[in-house]
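Colleague: one predicted model, sequence on top.
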There are 2 protein chains.
Amino acid sequence: MLDEAARVVSTSGLSGLTIGLLADRMQLSKSGLFSHFRSKEQLQVAVVERAAELFAERVVRPALQAPRGEPRLRELFDRKLRWDNGDLALPGGCFFASVSAELDDAPPSPVRDRVVSAERDYADLLANVFRTGISEGHFRADADPEQYAFDIRGVLLSYHHASRLLADPKAEDRARTAFEALVRAART
Amino acid sequence: MLDEAARVVSTSGLSGLTIGLLADRMQLSKSGLFSHFRSKEQLQVAVVERAAELFAERVVRPALQAPRGEPRLRELFDRKLRWDNGDLALPGGCFFASVSAELDDAPPSPVRDRVVSAERDYADLLANVFRTGISEGHFRADADPEQYAFDIRGVLLSYHHASRLLADPKAEDRARTAFEALVRAART
DNA sequence: CCGAGAGGTGAACGGTCGTGCTTTTATCTA
DNA sequence: TAGATAAAAGCACGACCGTTCACCTCTCGG
């Protein structure tokens, strides 16, 4: 049920996730569905948390199986591409890309806070995996892991933008090219 | 009036632009405002076009005054930062960053089409300015202008994300650092 | 066998949405 | 000054929103 909600959000945004619509898709009455969550805000929080779980299951945990340093980073990047627009994706692409843009200027709220913390977790993860790549000797010792996380985030956002909005068939090639350039620049 | 509408969209998204809300802000009755546009869709189209005008006025045209090649590219980048989050910005940051994410999975529509074409125009502009930089001898002859446009877009999207959603005080530094790295890599 | 509790239904509420209509008000020309 | 034209107001509509509440129907432990 939260998976269906996450699918809706990924395509129509949080504001497109309506109690009536979700009830229909679940073949449930509006009030029947409503009684599971006690408010719309709690539904939104629950779906954000479910999306974070899905991301951990499909992207993060499998990638952490790869050897430390550069291979792990490559796996993380590759899976993130598939999460945005491939076999690991929700129908509307990256859940957090939609929701982040929707909430970036919203006042603080439980929903926004969870999204922010999920995004921060991901940025920290990228930086840490990169940092491990430094101590493994894959990357230059003076490289800045947070800067690297910022750069990777940019490649992924640009990929989402190019493939989803502009329907650019070269989007994936461009993303991989950009990633390789970043890795090359970080090499020792 | 369309300027006010653009301000609303930049913070609350297209779905937050409501006839009643805009009427209030304009101190107009709902029907009074409605009669200016003949439907909500036409209001949306008009506000997208107004935003594209604003972007051309504040970012593109002034940047084109700078000398061809690298200086023009720098000016374009700098002004885009200010458009996202500075003295040239709407209250919710980049208008198109909000709207793009909102419409990326929507079915084709007049509104979506205008957004896509504005985004394509901007990508083409970036690629062309870069191309001129090649013929001016500022950048390597074998550099790929479209790839460069993709990379720059990534830096700008990551900047918007970091500064707006994550409130990262280092966002601007990171964006400038990333931009300098791209320019350096493209140098002859 | 009974009663409690969980989970689902259907109707209703106040509110806001986009959109039509009719009427008033203001502006400008003949 | 009278009359045409345009802009805004006021009101009502049907649809959908989140939310509440009274009722129904199961299942299961005592």
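Modeller: Cool, the structure landed.
Colleague: what's stretch A:8-26 in contact with?
Modeller: A:1, A:4-5, A:29-30, A:32-34, A:40, A:43-44, A:47, A:51, A:90-95, A:98-99, A:102-103, A:111, B:13, B:15-16, B:102, B:105 (Cβ atoms under 8 Å, 6 or more residues apart in numbering or on different chains). C-betas here are computed from N, CA, C, even on glycine.
Colleague: which non-adjacent residue is nearest residue A:140?
Modeller: residue A:188 (5.0 Å; Cβ to Cβ, 6 or more residues apart in numbering or on different chains).
Colleague: mind checking how far residue A:127 is from residue A:55?
Modeller: From residue A:127 across to residue A:55, the span is 17 Å (Cβ to Cβ, to the nearest Å).
Colleague: okay, the two: which has more neighbours?
Modeller: Neighbour totals were compared for residue A:127 and residue A:55, and residue A:55 leads with 22 against 18 (other Cβ atoms under 10 Å in any protein chain shown).
Colleague: and the helix or strand where the more buried one lies, average pLDDT?
Modeller: Here residue A:55, judged by DSSP states H and E, is contained in helix A:40-55. Averaged across helix A:40-55, pLDDT comes to 97.
Colleague: have a look at chain A and report its longest helix.
Modeller: What stands out as the longest helix in chain A, according to DSSP state H, is helix A:110-135.
Colleague: what is the subsequent helix or strand relative to it?
Modeller: Defined by DSSP H and E, the subsequent element after helix A:110-135 is helix A:145-160.
Colleague: and that following helix, what does it pack against?
Modeller: Based on contacts counted as 3 or more Cβ pairs under 8 Å, 6 or more residues apart in numbering or on different chains; DSSP states H and E, the elements that helix A:145-160 packs against are helix A:70-85, helix A:110-135, helix A:171-186, helix B:145-160, helix B:171-186.
Colleague: for residue A:188, report the pLDDT, please.
Modeller: At residue A:188, the model reports a pLDDT of 76.
Colleague: that older thread, buried stuff in the helix holding residue A:55?
Modeller: Buried positions in helix A:40-55, judged by neighbour count with 16 or more other Cβ atoms under 10 Å in any protein chain shown: A:43, A:44, A:45, A:46, A:47, A:48, A:50, A:51, A:52, A:54, A:55.
Colleague: contacting residues around residue A:188?
Modeller: Listed by Cβ under 8 Å, 6+ apart, the contact partners of residue A:188 are A:137, A:138, A:139, A:140, A:141.
Colleague: nearest to DNA strand D, out of the helices and strands packed on helix A:145-160?
Modeller: Closest to DNA strand D of these, according to Cβ to the nearest atom of the strand: helix A:110-135, at 12.5 Å.
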